[in-house]
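Q: this one's structure only:
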């Protein structure tokens with residue numbers, strides 16, 4: 001009899017445990033399950049992270065991060081939890097260059113690559129699936145530096161000519177005739193040649209003193225040799241901090257050759273299957289451009305930390321602030337619409353993209369007519385779709401506490 005009672009009790013206890021377990025599972029999965037959360041998913045509100053968001057509720061996105069300041073805004077988004085506000089869990093994967101990142105993208109190791117548009121183009125023969133979906137920023141580090149009083153800057157010509165861009169551009173470059181550039185010719189001759197050709201001049205109209213590296217060219221220029229210097233961003237920043245030196249011309253003033261964009265890319269399949277994720281990534285990016293304006297130090301510190309760790313850099317907060325003000329421009333939605341995505345703007349992305357294709361065709365890196373750049377670069381359409389998504393736009397522009 002005792003054994004019978006014990007057996008009955010054992011059965012009852014076992015049933016209680018099983019039922020309790022079933023009840024727990026039902027409560028955990030009842031409302032959200034494994035569906036993606038986020039403003040884009042719901043279409044009308046930002047998810048409440050305080051409600052105990054779990055990894056299963058977030059869309060994991062593996063994104064390549066290069067060891068340059070240009071590619072670290074998503075690092076800040078991860079650190080500040082802005083990605084999670086859109087139901088995304090960014091996994092940051094370090095890469096040293098675009099080639100490695102694109103290879104990882106194509107073999108499925110990552111979901112998203114980052115890199116310069118100009119560096120993506122020569123990779124396209126072996127990466128036809130690549131789709132550029134976001135303009136991260138414009139790198140404005142391509143500058144011709146001269147000595148104050150000896151040459152006029154593009155901005156001076158622009159002011160004198162009542163903001164006539166073409167006239168100022170032509171006058172700026174024409175004054176460089178017979179002047180001597182201090183530079184690493186193998187790195188910068190292509191850009192200089194294109195800039196001169198843009199106003200009807202040629203490479204033979206200027207002189208070049210060639211150096212093995214940027215530091216040597218900068219040192220010689222500071223000693224008083226030559227008329228102009230162009231080179232790496234660190235050397236340019238060092239020279240411009242000293243009195244008596246000015247930026248003569250750079251970036252869009254050099255024509256398409258001076259436009260250099262940093263971008264985000266996915267595969268065609270990923271874009272087709274996860275267009276909503278791509279759109280939300282773009283929203284995260286533009287939300288972070290507002291952080292750079294409203295809370296710059298909060299956004300910049302994770303970016304600085306990443307560069308210090310992965311590039312052995314001694315970048316300071318003051319350096320970073322100068323970079324976003326003068327050299328690496330993270331445009332807001334409004335600024336992007338007026339510049340990089342405006343066909344009549346000197347900053348329009350396609351001007352640079354067409355030049356990159358033409359240059360790589362002439363160098364034999366891509367076959368003539370083999371790259372359909374409008375098919376590869378989808379960022380303008382993604383931008384238009386984002387502008388049409390009122391929920392995402394409201395979130396981007398909502399107050400930053």
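A: Perfect, thanks for sending it. All values reported here derive from a predicted model rather than from experimental measurement.

Q: Look at residue 187 and give its secondary structure.
A: Classification of residue 187 by DSSP: H, G, I helix; E, B strand; the rest coil places it in helix.

Q: which outside residues touch stretch 332-343?
A: 135, 138, 261, 286, 289-290, 293, 331, 345, 347-350, 379-380, 383-384, 386-387, 393, 396 (Cβ atoms under 8 Å, 6 or more residues apart in numbering). Placement of C-beta: from N, CA and C, glycine included.

Q: and the end-to-end length of that stretch?
A: Start-to-end span of stretch 332-343 (Cα to Cα, to the nearest Å) is 17 Å.

Q: For that stretch, buried residues please.
A: 333, 336, 339, 340, 341 (16 or more other Cβ atoms under 10 Å).

Q: Show me which of the residues you listed is closest to residue 68.
A: residue 340 (18.9 Å; Cβ to Cβ).

Q: That closest one belongs to a helix, doesn't it?
A: No: under the criterion used here (three-state DSSP), residue 340 is coil, not part of a helix.

Q: gap between it and residue 135?
A: 5 Å (Cβ to Cβ, to the nearest Å).

Q: I'd like the average pLDDT over stretch 194-211.
A: The average pLDDT within stretch 194-211 is 94.

Q: what does it rub up against?
A: With Cβ under 8 Å, 6+ apart, stretch 194-211 has contacts from 169-170, 173-174, 176-185, 189, 192-193, 217, 220, 225-226, 249, 254-258, 355, 359.

Q: From those, list the buried ones, please.
A: 169-170, 173, 176, 179, 181-184, 192-193, 217, 226, 249, 254-258, 355, 359.

Q: returning to what we had before: out of the contacts of stretch 194-211, which sit inside helices?
A: Within the contacts of stretch 194-211, residues falling in helices by DSSP state H are 169, 170, 173, 174, 185, 189, 192, 193, 217, 220, 355, 359.

Q: the helices in the stretch 201-350 of the chain, which residues?
A: 214-222, 233-240, 268-273, 275-294, 296-311, 317-322, 333-338, 349-362 (DSSP state H, counting those that start in this stretch).

Q: Please identify which of those helices is closest to residue 85.
A: Among the helices of the stretch 201-350 of the chain, helix 275-294 sits nearest to residue 85 (Cβ to Cβ), with 7.8 Å.

Q: List the buried residues in that closest one.
A: In helix 275-294, counting by 16+ other Cβ under 10 Å, buried: 275-292.

Q: Give the bridge partners for residue 264, please.
A: Residue 264 forms beta bridges with residue 114, residue 134, as assigned by DSSP bridges.

Q: typed the wrong thing, it's residue 328
A: Those that pair with residue 328 in a beta bridge, by DSSP bridges, are residue 139.

Q: residues touching it, list them.
A: Here residue 328 is in contact with 69, 70, 137, 138, 139, 140, 141, 262 (criterion: Cβ under 8 Å, 6+ apart).
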